[in-house]
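no FASTA, just this:
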């Protein structure tokens, strides 16, 4: 089964305190919910329930990017995200067809933070499994008047398709997030990927990849039919 974007939930934003981004419609058990959050200072955020953080990075100029995930059980409640002392924005994207147990991420890349740029860079990753869903995730912030928007997500295999592009003109810091995704059909490097912004601002970008359910089946087959040879290879 291939990984596919199922839906996008409602955006949540606030000038401080808690936010609860909406759960995407139609999700079913074992869908993977990915929450993208940008808050306007280096406040470490807390997620309610069983949400787990996968990426957490501070851009020392005005923001912190957090990516968290949850395996859906069906009928899941919106998370409460707390700890922001100033402006915050958050949104959830759901994916079907991922592995049905354990950590669904094959790779989580090293985020890139930039002080001022109109090109948000997501450094390259190399998936370990063909047909991973590659997610480009990032954001920008400013104390000025801009409310940035994003476009022109670079690259092929995959050619990214935009999932979210949201901005919040906050009380202190304007914050904006994006996510774009696509299936990579092999295990070669993605190369660096970029998203174009209409504003030159502090920016953070990262690539992560979700494992398809077929990867789980392969792992189970290897575990039941092979053993490790003395040289570290596989033997029947």
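In hand now; what should we look at? All values derive from a computational prediction rather than experimental measurement.

Just name the shakiest helix or strand of this structure by mean pLDDT.
Every helix and strand in the chain was compared by mean pLDDT, DSSP states H and E; the lowest is strand 227-228, with a mean of 33.

max-length strand in this protein?
Longest strand of the chain, by residue count under DSSP state E: strand 193-210.

Adjacent strands (with direction) for that one?
Partners of strand 193-210 in the sheet, by DSSP bridges, are strand 105-108 (antiparallel), strand 112-122 (antiparallel), strand 132-142 (antiparallel), strand 150-151 (antiparallel).

Now render those strands as JSON lines, adding distance to residue 3, mean pLDDT and mean neighbour count.
From N, CA and C alone the C-beta is placed, and that goes for glycine too. Output for those, formatted as JSON lines (distance: least, C-beta to C-beta, whole Å; pLDDT from 0 to 100; neighbours: other C-beta atoms under 10 Å):
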{"stretch": "strand 105-108", "distance to residue 3": "10", "mean pLDDT": "98", "mean neighbour count": "20"}
{"stretch": "strand 112-122", "distance to residue 3": "18", "mean pLDDT": "97", "mean neighbour count": "19"}
{"stretch": "strand 132-142", "distance to residue 3": "4", "mean pLDDT": "97", "mean neighbour count": "29"}
{"stretch": "strand 150-151", "distance to residue 3": "22", "mean pLDDT": "97", "mean neighbour count": "19"}
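
For residue 90, I want the exact helix or strand it lies within.
Using DSSP states H and E, residue 90 maps to strand 88-96.

Output the contacting helices and strands for that strand.
When contacts are defined as 3 or more C-beta pairs under 8 Å, 6 or more residues apart in numbering; DSSP states H and E, strand 88-96 packs onto strand 4-8, strand 12-14, strand 17-19, strand 32-39, strand 132-142, strand 161-168, strand 174-184.

can you give me the angle that strand makes with strand 132-142?
Interaxial angle of strand 88-96 relative to strand 132-142 (axes from the mean of the first three to the mean of the last three C-alpha atoms, to 10 degrees): 170 degrees.

Determine how far strand 88-96 lies from the middle of the whole chain.
Computed by C-alpha atoms, centre = their mean, to the nearest Å, the chain-centroid distance of strand 88-96 equals 8 Å.
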